[in-house]
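Trainee: no sequence on this one, just coordinates:
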């Protein structure tokens, strides 16, 4: 395995705790984050509230 960090992005319905979608990347590019969000919103209805952990 190559050295370095891997980043997990998971989109979770907080009411049901169901993982709607997830992805792993070796970078934290905005394109990666936006791509997964757009893919998820194409499958599931847009939420009333969307919370993030702000990358922490």
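Mentor: That came through fine. Because the structure is predicted, anything quoted here is derived from the model rather than measured.
Trainee: in the chain, what spans have low per-residue confidence?
Mentor: 1-2, 55-56 (pLDDT under 70).
Trainee: Tell me where it has strands.
Mentor: Secondary structure of the chain (DSSP state E): strands located at 7-12, 19-25.
Trainee: Please name every helix or strand in contact with the shortest one.
Mentor: Judged by 3 or more Cβ pairs under 8 Å, 6 or more residues apart in numbering; DSSP states H and E, the packing partners of strand 7-12 are strand 19-25, helix 30-43. Yep, even glycine has a C-beta here, placed from its N, CA and C like the rest.
Trainee: what's in contact with that strand?
Mentor: 18-28, 32-33, 36-37, 40 (Cβ atoms under 8 Å, 6 or more residues apart in numbering).
Trainee: Mind giving me the ChimeraX select for those, buried ones only?
Mentor: What follows is the ChimeraX syntax for the buried subset of these, where burial is set by 16 or more other Cβ atoms under 10 Å:
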select :20,25,32,33,36,40
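Trainee: which of the contacts of strand 7-12 lies closest to residue 50?
Mentor: Of all these, residue 37 has the smallest distance to residue 50: 8.5 Å, by Cβ to Cβ.
Trainee: where's the closest one relative to residue 3, distance?
Mentor: 29 Å (Cβ to Cβ, to the nearest Å).
Trainee: which ones are touching the residue lying closest to residue 13 once chain neighbours are set aside?
Mentor: Leaving aside its chain neighbours, residue 13 sits nearest to residue 20 (5.9 Å; criterion: Cβ to Cβ, 6 or more residues apart in numbering). Neighbour list for residue 20: 11, 12, 13, 40, 43, 44 [criterion: Cβ under 8 Å, 6+ apart].
Trainee: most surrounded residue in these?
Mentor: With neighbours defined as other Cβ atoms under 10 Å, the most crowded of those is residue 11; it has 19 neighbours.
Trainee: Look up which residues are beta-bridged to that one.
Mentor: Beta bridges link residue 11 to residue 21, judged by DSSP bridges.
Trainee: Could you report the distance from residue 43 to residue 16?
Mentor: As judged by Cβ to Cβ, residue 43 and residue 16 stand 15 Å apart.
Trainee: what's the burial count for the residue lying closest to residue 28 once chain neighbours are set aside?
Mentor: Counting by Cβ to Cβ, 6+ apart, residue 28 lies nearest to residue 7, which is 5.3 Å off, once chain neighbours are set aside. Look at residue 7: counted by other Cβ under 10 Å, it has 14 neighbours.
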